[in-house]
Structures are given as C-alpha cells and as structure tokens.
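J.: my questions are about this predicted structure, shown below with the sequence.
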Amino acid sequence: MVCPEYWQDGVDAAICEGIRLLGGIESIFGKEERILLKPNLLAKAEPDRAVTTHPTVFKAVGAYLREQGYEHLSYGDSPGNPLGGVARVAAGCGLKEPAEELEIPLGDFSQGQKVNFEQGQTEKEFIISKGILDCDGIVNICKMKTHQLERITGAAKNMFGAVYGVNKGAFHAKYTDADSFGAMIADLNNLVKARLHIMDGILAMEGNGPQSGTPVAMGLLLFSKDPIALDTVFCHLIGLNPELVPTNRYGQQYGVGTMDAEKIRVRTIQGDMTVEKVAKRYGKEDYDVYRGTEKATQIRLLKPIQSLLQKKPYILREKCIKCGICAESCPLEKKALEMSGYPKYAYKACIRCYCCQEMCPQKAIDVKVPLLARIMDRNWKI
Ligand code: SF4
Ligand code: SF4
C-alpha cells in the first residue's frame, strides 16, 4: 500500500485496505483468539529516527483489530538491551500512549520459558518470552531497515524479539556469522509463526542500521502472511539480491516461505503486479544497503589475510559519550570491546556480530569495508 506519511487517518485506511487485500482479518485470526501485536522495539528512540515501529502504524493496527471485535489483545517485544525493560522502551518509542488509549496491555516479557523444537535444524530448544507463549496468534509489525549482519531487518528477523532477554546475546555468540545466524532465525520463524506480517516502510532506514542509519521516505506499508515473501519484496524494492540475505535463503530452505519472485503475487489497489513491476514503480535503486557478495572472505586460501577483507566496526569518537553500552552488549565472555576512555576493539577476538553497533544510542559506531575487499568485489556498493 502506498502511504506517504504518518497521518493517522491515512494510515488507518491503508491498514484496513492492506488486510482486505490479504483476504480479510477473519481469514487470519479467530475472534476468540488472544492476539499479540509484536512491533519492533529494538531500543528507546524517537519515532522519526525510524529505529522502531511508528506509533501511528501500531495504533492503526490496534484500532483496526478493536473495531473488528478482537477483544483479547496484548503487545510487546524483547528489546535489544533487556536491562532497558520493554515498558520503558515502549514509552520512549511512543507506543505506550496509543496502547493505553486502546486498552491493549503489555505482555509479560520479563520472563522466558524453554520450548522444545525437535524439528529445529540449528536449535532443538529456544527460551521464548512468556508474552509470546501467552498468545494464540501474532501480528508481526516490523520495520523496513538495514542491518549490518543480515543486510536487512524485516519480517523474519523481527521475530528474534520472541527470544527471551539475554538469551539473544548467547545466540549471537553461538551463531557467529550471518549465515548460521540466519539459519537460526529461520528455525525460530518455524517455531513462532506469526500469521500476519505488516512492514512499516513509510519512513524506512538505510545505511548504518538497525539503530544508527538514516531515515529515508519510502512511503509504503507491506502486508503478507509469508515473512520470506515480504522480505523478498523489500529486497527487490531496494535493488538487493534477495539471495544475499541469509534469513531469506534459509527461510525458503526450511519451509518458512518463498523467495521465488515468480511465485509471489503482489496485490495492490491497482490490481495484481509482478515483483519486478512493483520494484520499478515503488522502489529506490540507490537505497543505501550493503550489496557486496563477500565471496573473497569465503576463499580458504585467503584466510591469512582475512582481517584485510572483513567488514569491521569502528568508533566515531566525535559522537561517543563513553557510556559503555557497546561493551555491555558484546555477547562474548571475554569482551572484544574494552572501555579504556573511548571503547577499543580487539579485532582478533571480534566475531563481527555488530551487537555493539546495534545498541549504541549515539550512532557512534560505524562499519567499514576494507579497500581490498571493495576491489575484489565488483558488486561492492554501500
Ligand atoms: S555505546 Fe556508543 S556512545 Fe556509548 S561508549 Fe559505545 S560507542 Fe560510545
Ligand atoms: S565487539 Fe561488537 S562486533 Fe565484535 S563481537 Fe563484540 S559486539 Fe560483536
């Protein structure tokens, strides 16, 4: 749905129309079910920074469900830094007010429970937040953003917030590369299946996402029952090969959804369109996203010069306030980031999970692609 701004009446109408095009809300959720609205609540940030789901979109979804007679609603997410507490983060992102107005209580994200997942390809059990386990169905209200590790954070990656608190850090320490991390996210999407995915792409984020990037007007709200198809359309809109996103590849491999553009039917109020046509009409080819293939880092013979080929985070001292959140966020037992005045990286130990960059509240951590890697990768563009 084209939706150029966060004007409540316009967003309300777009939410209503988007869900109608999917076949109507009653084809997705039963009236007696307990429905959780799962926004992106990565960290406390003003809505116009495009870090989190915008309150106007959240309110439109909540109000729509209320109007349609859905009584048992709750909302919540497990923020990147669990010490922040979901209530504080929700208030800081502007979601507390509409939630109170619509009498949508916050789910319980203060505790988690072990859930067995025998069919998991990566994990046989996950610690899932109680707020997720307490509901029957989920509306995943994700944000259109870039991500340093997975390139984009859309529908599939937003479900990482189902994992309880500090356990998210443990997964980063265990799945140390984009591929294995993406495979784990695909498994998680099979365990915790949101039935409706709505992507807030009215004001998206490009560049140094998911917290420190630049807001960019895309003027779109995307809807799908399939998170992989939704993320695939997002990729096409920004000129990124969907196969370069591990959550897409493993999502398709593990049966979460499809990334085959030929099989994706894009319904619009102007009628059905191909993914290609949608990308051409509504996309932004110069969207600032990492398009490098990183093939050079995978060549065994080049292992000795790996450090000259790998992307790496670095500190922008002029922005840093020495708060230490980056070092706290590092999931490694022996931190790869030391606070000695300004934070200092131990690049040999660093696994490039970018948790530090993700949680820096000052946009003081950027990521650079070494010159040699750029030369070796003709597709390089950021
Ligand atoms: S989190 Fe950001 S601002 Fe805080 S110390 Fe680290 S780099 Fe500096
Ligand atoms: S220093 Fe940053 S990128 Fe490196 S392992 Fe720690 S959190 Fe991850």
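T.: That came in fine, so what should we check first? Ligands and ions are numbered 1, 2, ... in the order given.
J.: and the average pLDDT for stretch 21-29 is what?
T.: Average pLDDT, stretch 21-29: 98.
J.: give me the contacts around it.
T.: Here stretch 21-29 makes contact (Cβ atoms under 8 Å, 6 or more residues apart in numbering) with 1, 19, 35, 64-65, 68, 70, 136-137, 195-196, 223-225, 267-269. (Each C-beta comes from the backbone N, C-alpha and C, glycine too.)
J.: would you list the buried entries among those?
T.: 1, 19, 35, 64-65, 70, 137, 196, 223-225, 267-268 (16 or more other Cβ atoms under 10 Å).
J.: about what we covered before: so of the contacts of stretch 21-29, which ones are in helices?
T.: Of the positions in the contacts of stretch 21-29, 19, 64-65 sit in helices, assigned by DSSP state H.
J.: including distance to ligand 1, could the residues you listed go into JSON lines?
T.: Shown next, in JSON lines, are these (distance: Cβ to the nearest ligand atom, whole Å):
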{"residue": "19", "distance to ligand 1": "39"}
{"residue": "64", "distance to ligand 1": "37"}
{"residue": "65", "distance to ligand 1": "37"}
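J.: out of the buried ones among the contacts of stretch 21-29, which is nearest to residue 152?
T.: residue 224 (14.7 Å; Cβ to Cβ).
J.: which SS state does the nearest residue to that closest one once chain neighbours are set aside fall under?
T.: Spatially, and ignoring its direct neighbours in sequence, residue 224 is nearest to residue 230 (3.9 Å; Cβ to Cβ, 6 or more residues apart in numbering). Secondary structure for residue 230, judged by DSSP: H, G, I helix; E, B strand; the rest coil, is helix.
J.: check contacts around residue 230.
T.: Contacts of residue 230 (Cβ under 8 Å, 6+ apart): 154-155, 197, 199, 222-224.
J.: picking up where we left off before, in strands, which of the buried ones among the contacts of stretch 21-29 fall?
T.: When DSSP state E is applied, those are split such that 35, 137, 196, 223-224, 267-268 fall in strands.
J.: what about the residue most central in space within the chain, distance to residue 62?
T.: For the chain, the residue nearest the mean C-alpha position is residue 153 (3.2 Å; Cα atoms, centre = their mean). From residue 153 across to residue 62, the span is 22 Å (Cβ to Cβ, to the nearest Å).
J.: what does residue 102 give?
T.: Distance from residue 102 to residue 62, by Cβ to Cβ: 4 Å.
J.: give me the common contacts of these two.
T.: residue 73.
J.: show me which of those two is the more surrounded one.
T.: residue 62 (25 against 17; other Cβ atoms under 10 Å).
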